[in-house]
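1. Would you be able to build a 3D model of this:
(2 chains)
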Amino acid sequence: MTVRTRFAPSPTGYLHIGGARTALFSWAYAKKHGGQFILRIEDTDVARSTPEAVQAILDGMHWLGLDYDEGPFYQMRRMDRYKQVIQQMLDAGTAYYCYSSREELDALRESQMQAGLKPRYDGRWRPETGKVLPNAPKDVPPVVRFKNPQAGIVAWDDMVKGRIEISNEELDDLIIARADGTPTYNFCVVVDDWEMGITHVIRGDDHVNNTPRQINLLKALNAQIPQYAHLSMILGDDGQKLSKRHGAVSVMQYDEDGYLPEAVLNYLARLGWSHGDDEVFSMSQFCQWFDLDHITASAAQFNTEKLNWLNGHYIKTMDIDKLAEIVAPRLSKIVALPAVHPKLTDVLALYRERANNLNQLAADIAYFFHAPPINQADAEKHITLEVLPAIQSLYVKLESCEWAVEAINAAIQETVAQSQLKFPKVAMPLRVMLTGIAQSPSIDAVMHLMGRETVLSRVGVYCKI
RNA sequence: GUCCCCAUCGUCUAGAGGCCUAGGACACCUCCCUUUCACGGAGGCGACCGGGGUUCGAAUCCCCGUGGGGACGCCA
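-> As a prediction, the model looks like this:
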């Protein structure tokens, strides 16, 4: 039996970080076992589903590189099939019409809650041998309910949480078709998982409560029961549940915020799953290692600091040409590139070591491409009357020296010796003049890369007598 | 309220009864490297929720508490 997994988001919002991890684990599990990963869009909630959300999910999957073998399948396009199955169940007596109005149901729920009971449908329209049903009201379009077993237990061995048993007494007859005839979530999932041959359902643990209902439905349909693995949720950086206002941003927001998909993927893989002490690994390595035995059963808190560290790691180690490709558009947003400028890959070679964010990296190197604003505090601290004569004499040397790192360094050393200043006394003001701030890589390397013309023009500002 | 799930450093985690004086990573601190800031290197700080069992032996198994979370929709 080949493994078939699926990711089944409802298009009511972005692909957020929790959904992305669920997708990642499902994807990896299929890859690991040489099976198929299926994307299914659960869009039966017509009121809340939007094409924009569908696109956002597709974009997120694409950015992360989570490719699917089949799909995307849209549930709205399978309506006929669902209705067919509902009719079969009606005919087989495993489902029935219920004419209770919403108001009636609300009142029932209310009174049960008051009495300290779990709110459940009381089965007033459930046909039973020997039971006399009320007359169907003319003005209430009926819903279809599943005739859930009333005794016994439903149990499954969850691949993450272990054995879970629920008494059928806890369950009620869930609605599988609305009054307008459209099928509901639990029913569509069951039909789809069944007909798409899903062998492993890997999903968020907010679905644990749906599982016994789905298993009962599957049994009523004589369908194979898949394996279930329920992943615990991801909490925000502050330990709070992710929500619209609480960092539940789209994965695409991470792209916008300067993160590499490699870093996000690696981070997510390690959040709730482990392979001994391994922290940094590629997706192909992950797909070889991934299993359901090493998934943590408890919720995990998102940690941006660690993501930053991983992001830095991938920025430092990735192919430099590819890095340049990614940084270029971010740089363009900050500065218009001049006709003549240092090669981006050369600049990145000098700067990637100190970066852990693509946007920050682009901002940090912008001074190579335009005259930077000078930080006043840094200027006042380092560009002093005391050092100006030395800078002026260096300027003259730079006009004619060979334009190589060693030669530039020699010129600075010579200036240092002649002026009897310490090296930093000369290097720091240069930094500020050239980069605008007091921190940069080796000043000689920066100058070399920047080019003689730019260096002389930026230093020259301070050399007018 | 009812049902279900969860519980190791601040955070992510290793841990399948003796390998645990509880390991790694991020963060933090110190030192080294150094031409500033980073990077890198070497150290350091820091945890088994509480109580009972079971056992020669428990972070690991069981029970009870406590705390946290989820679910109880004609949402998914």
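
2. Look at the residue of the stretch 351-465 of chain A found nearest RNA strand B and say how many residues are nearby.
-> Nearest to RNA strand B in the stretch 351-465 of chain A, going by CB to the nearest atom of the strand, is A:Arg354, at a distance of 3.1 Å. C-beta: built from backbone N, CA, C; applies to glycine. A:Arg354: 15 surrounding residues under other CB atoms under 10 Å.

3. contacting residues around it?
-> Taking CB atoms under 8 Å, 6 or more residues apart in numbering, we find A:Arg354 in contact with A:364, A:441.

4. Close to RNA strand B: what parts of the stretch 301-450 of chain A are there?
-> With CB under 7 Å from any atom of the strand as the criterion, the stretch 301-450 of chain A meets RNA strand B at residues A:301, A:303, A:305-306, A:308-309, A:312-313, A:316, A:353-354, A:409, A:412, A:423-424, A:427-428, A:431, A:438-444.

5. same thing but 6 Å
-> Listed as neighbours of RNA strand B in the stretch 301-450 of chain A under the rule CB under 6 Å from any atom of the strand: A:301, A:303, A:305-306, A:309, A:353-354, A:409, A:423-424, A:427, A:438-444.

6. Filter these down to just the ones in helices.
-> A:305-306, A:309, A:409, A:423-424, A:427, A:443-444 (DSSP state H).

7. Pick out the most distant pair among those.
-> A:Lys306 and A:Asn409 (37.8 Å; CB to CB).

8. count of residues packed around A:Ile225?
-> A:Ile225, neighbours per other CB under 10 Å, totals 15.

9. One more: A:Ala269?
-> A:Ala269 has 23 nearby residues by other CB under 10 Å.

10. For the closest residue to it other than its chain neighbours, give its distance to A:Lys138.
-> Leaving out its chain neighbours, the residue that sits closest to A:Ala269 by CB to CB, 6 or more residues apart in numbering is A:Phe286, at 5.1 Å. Going from A:Phe286 to A:Lys138 by CB to CB, to the nearest Å gives 60 Å.

11. same thing with A:Leu15?
-> 45 Å.

12. Between these two, which is the more surrounded one?
-> When A:Leu15 and A:Lys138 are compared for neighbours, A:Leu15 comes out ahead with 25 against 7, by other CB under 10 Å.

13. Now do the contacts for that one.
-> By CB under 8 Å, 6+ apart, the neighbours of A:Leu15 are A:9, A:23, A:56-57, A:59-61, A:250-252.

14. Neighbours of A:Asp293, how many?
-> Count around A:Asp293 with other CB under 10 Å applied: 7.

15. which among the residues of the stretch 301-450 of chain A next to RNA strand B end up buried?
-> Neighbour-count burial (16 or more other CB atoms under 10 Å) applied to those gives A:409, A:427, A:438, A:440-441, A:443-444.

16. mind giving me JSON lines with the residues you listed and columns for pLDDT?
-> Below are these laid out as JSON lines (pLDDT from 0 to 100):
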{"residue": "A:Asn409", "pLDDT": "92"}
{"residue": "A:Ala427", "pLDDT": "93"}
{"residue": "A:Ala438", "pLDDT": "92"}
{"residue": "A:Ser440", "pLDDT": "94"}
{"residue": "A:Pro441", "pLDDT": "95"}
{"residue": "A:Ile443", "pLDDT": "94"}
{"residue": "A:Asp444", "pLDDT": "93"}
